[in-house]
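**Student:** structure here, sequence nowhere to be found:
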């Protein structure tokens, strides 16, 4: 797929009398280095020499310039608001300066009611049924979309040990504690912190368990795949710090492995997915993890004999990984440049074909239909809570529409900056597809059905909204031509996210302030 796009770009640029774009943005993938290892299976052995010989396609997978980050739309000449280059870095700046979580280890409300003195002894007050219920909530509502833990190993090893000997400074406790903040969404009132302020009860539910996990992890942490697993678990609650550390640990471990196991591959790709989102939305520096993607096999295809439910979860992860690589391919060919340019029709056609091929290859349980936005809004409004299978399918449809949005955004730029006469019907249709796909993707991401904390990539849903709000202020006279029927749902979704997330996300707060400034301007 990469070779085909490179060849198309090379032919186009050669006709224009300039060097191929692929030579400027990344080493050509049509010429393989002499020592590139042959394709390997997930159980093949990796030696340091073989791994070290892999050509690192620097920033091919994740370009340095993420022009798809929403604040970059403010650099468009039609924007009524202008920010300096330094000001455009506000997501990165705000995230690194965000206040740390409180270090409390006070008892949750449900355990403090009948205790005369709140202390570390509250752990012993957790009943066996509560232990199982919290673990079951995690594996029911969160695990299927991330697959960080091996479910069978957790129940047979970690949970059984805790049930036998209780909590201690072991890895089993370190694995269990982070599950509680993730399970808390379904038991918010019960597991709220007894010492939290009223306005922080929801956000801080389960915080003591998170802090206890961090305290244990500081003592038992080492450079191992077990530590990578713990870092990824903790990172779901305190994101970029632990994701970055997990990625660096993986980079250290890969050359040291004589044999890369299937679960090691899975952890690599989970870290890859998580870091990709951070880089796209916040523009953090890359750890370099993406440079090793050609040397790490994809997660194993599900064994035909395994539990159908687990098979679905594994296919879901494979679909996310393949879409992330496709999105990175779009980034590389359309946005890894010093200025925004409309891609040639042949490149655009090929990238769109690959998106459609991804959709067609999904298992039957994840196949979805396409509807116009107004129908999608009607269906979403009539749906209450979704089953896990519906959530996973919705996430994949959201990623599919995100790819369409990113692919066709250059046409939005073209149409907004041209008169109605200059823009062709094809360009207008592409621009309309970009805007409608963004809104459809937000709906299927789950913001109208699940708590914000349970969304797969919650910040992505919000920042896609910001893109649409910025574009809405820029289209002016072309609004009737570009905004599809049903676009008003964006105001409803924006209100949901601002209410749910702005108290603990400085980036969302700043994004919303910018949107309000644009509306006033």
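**Tutor:** On my side now, so go ahead. Since this is a predicted model, take the numbers as computed values, not measurements. Numbers count the residues shown, from 1 in each chain.
**Student:** which residues touch stretch 364-377?
**Tutor:** Residues from elsewhere that reach stretch 364-377 (Cβ atoms under 8 Å, 6 or more residues apart in numbering): 312, 315-316, 319, 359, 362, 379, 389, 392-393, 396-397, 400, 436, 439-440, 443-444, 484-487, 489. For glycine as for every other residue, the C-beta is placed from the backbone atoms N, C-alpha and C.
**Student:** if you average pLDDT over that stretch, what comes out?
**Tutor:** Averaging pLDDT along stretch 364-377 yields 93.
**Student:** just the buried residues of it, please?
**Tutor:** 366, 373, 376-377 (16 or more other Cβ atoms under 10 Å).
**Student:** tell me which stretches of the stretch 351-500 of the chain form helices.
**Tutor:** For the stretch 351-500 of the chain, the helices defined by DSSP state H, counting those that start in this stretch occupy 373-382, 388-416, 425-445, 458-475, 479-482, 489-501.
**Student:** hmm, I was thinking of the stretch 201-350 of the chain
**Tutor:** Going by DSSP H, counting those that start in this stretch, the stretch 201-350 of the chain shows helices at 201-204, 207-220, 225-235, 239-253, 262-282, 308-330, 345-360.
**Student:** tabulate these (TSV), appending mean pLDDT and distance to residue 83.
**Tutor:** As requested, the helices of the stretch 201-350 of the chain are exported to TSV (pLDDT from 0 to 100; distance: least, Cβ to Cβ, whole Å):
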stretch	mean pLDDT	distance to residue 83
helix 201-204	72	29
helix 207-220	86	34
helix 225-235	90	29
helix 239-253	92	22
helix 262-282	89	16
helix 308-330	90	25
helix 345-360	93	29
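**Student:** got any ranges where the stretch 101-250 of the chain has weak pLDDT?
**Tutor:** For the stretch 101-250 of the chain, the stretches with pLDDT under 70 are 113-120, 183-190, 199, 201.
**Student:** do that again at 90, thanks
**Tutor:** Along the stretch 101-250 of the chain, the parts satisfying pLDDT under 90 run over 101-138, 140-142, 145-146, 149-153, 161-221, 233-241.
**Student:** can you pull the pLDDT of residue 448?
**Tutor:** pLDDT recorded at residue 448 is 86.
**Student:** look up the closest residue to it, ignoring the ones flanking it.
**Tutor:** Excluding its sequence neighbours, the residue lying closest to residue 448 (Cβ to Cβ, 6 or more residues apart in numbering) is residue 380, at 5.3 Å.
**Student:** ok, now which ones touch that neighbour?
**Tutor:** Contacts here follow Cβ under 8 Å, 6+ apart; on that basis residue 380 touches 443-444, 448-449, 489.
**Student:** which of the residues you listed tops the neighbour count?
**Tutor:** Ranked by the number of neighbours (other Cβ atoms under 10 Å), these place residue 444 first, at 27 neighbours.
**Student:** residues touching it, list them.
**Tutor:** With contact set as Cβ under 8 Å, 6+ apart, residue 444 has these partners: 376, 380, 394-395, 397-398, 401.
**Student:** most widely separated two among these?
**Tutor:** Between any two of the contacts of residue 444, the greatest separation by Cβ to Cβ is 15.1 Å, found for 376 and 395.
**Student:** what are the ranges of the helices in the stretch 1-150 of the chain?
**Tutor:** According to DSSP H, counting those that start in this stretch, the helices that the stretch 1-150 of the chain contains are 2-15, 21-25, 48-52, 90-96, 109-112, 128-141.
**Student:** how near is residue 277 to residue 243?
**Tutor:** According to Cβ to Cβ, to the nearest Å, residue 277 and residue 243 sit 9 Å apart.
**Student:** between the two, which one's more packed in?
**Tutor:** More crowded of residue 277 and residue 243, by other Cβ under 10 Å: residue 243, with 25 against 18.
**Student:** quick one on the thing from earlier: quick one: least confident of the contacts of residue 444?
**Tutor:** Lowest in pLDDT among the contacts of residue 444 is residue 380, which has 89.
**Student:** what about the closest residue to residue 203 other than its chain neighbours, how many neighbours?
**Tutor:** Leaving aside its chain neighbours, residue 203 sits nearest to residue 504 (5.0 Å; criterion: Cβ to Cβ, 6+ apart). Residue 504 has 16 neighbours, counted by other Cβ under 10 Å.
**Student:** need the pLDDT of residue 504.
**Tutor:** Residue 504 is given a pLDDT of 76.
**Student:** about what we covered before: pipe the contacts of residue 380 into CSV and attach distance to residue 239 per row.
**Tutor:** As requested, these are exported to CSV (distance: Cβ to Cβ, whole Å):
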residue, distance to residue 239
443, 24
444, 23
448, 23
449, 23
489, 28
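**Student:** what's the farthest-apart pair in the residues you listed?
**Tutor:** Using Cβ to Cβ, those span at most 13.5 Å, a distance reached by 449 and 489.
**Student:** where does the record place the domain boundaries for the chain?
**Tutor:** 65-98+307-520, 109-237 (automatic domain parsing).
**Student:** switch these over to a markdown table; also include distance to residue 251.
**Tutor:** Below are the domains of the chain laid out as a markdown table (distance: least, Cβ to Cβ, whole Å):
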| stretch | distance to residue 251 |
| --- | --- |
| domain 65-98+307-520 | 18 |
| domain 109-237 | 11 |
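**Student:** which one of the ones you listed lies nearest to residue 287?
**Tutor:** With Cβ to Cβ as the measure, domain 109-237 is the member of the domains of the chain nearest residue 287 (12.3 Å).
**Student:** can you give me the buried ones in stretch 309-319?
**Tutor:** Across stretch 309-319, burial judged by 16+ other Cβ under 10 Å covers 311-319.
**Student:** let me redo that: stretch 231-251
**Tutor:** Of all the residues in stretch 231-251, those buried under the rule 16+ other Cβ under 10 Å are 231-240, 242-251.
**Student:** likewise for stretch 77-90?
**Tutor:** Going by neighbour count (16+ other Cβ under 10 Å), the buried part of stretch 77-90 is 79, 88, 90.
**Student:** equivalent analysis for stretch 197-214, please.
**Tutor:** For stretch 197-214, a neighbour-count test (16+ other Cβ under 10 Å) marks 200, 202-214 as buried.
**Student:** stretch 464-471 too?
**Tutor:** Quick answer for stretch 464-471 (16+ other Cβ under 10 Å): 464-471.
**Student:** who touches it?
**Tutor:** Residues outside stretch 464-471 that contact it (Cβ under 8 Å, 6+ apart): 70-71, 73-74, 79, 402, 405, 412, 416, 435, 438-439, 441-442, 487, 490, 493-494, 497, 511, 514-515, 518-519.
**Student:** try 7 Å this time
**Tutor:** Identification of contacts with stretch 464-471 by Cβ atoms under 7 Å, 6 or more residues apart in numbering yields 70, 73-74, 412, 435, 438-439, 441-442, 490, 493-494, 497, 511, 515, 518.
**Student:** same check on stretch 130-144?
**Tutor:** Outside stretch 130-144, the residues touching it (Cβ under 7 Å, 6+ apart) are 149, 151, 159, 162-163, 179-180, 182-183, 186-187, 313, 388, 392, 454.
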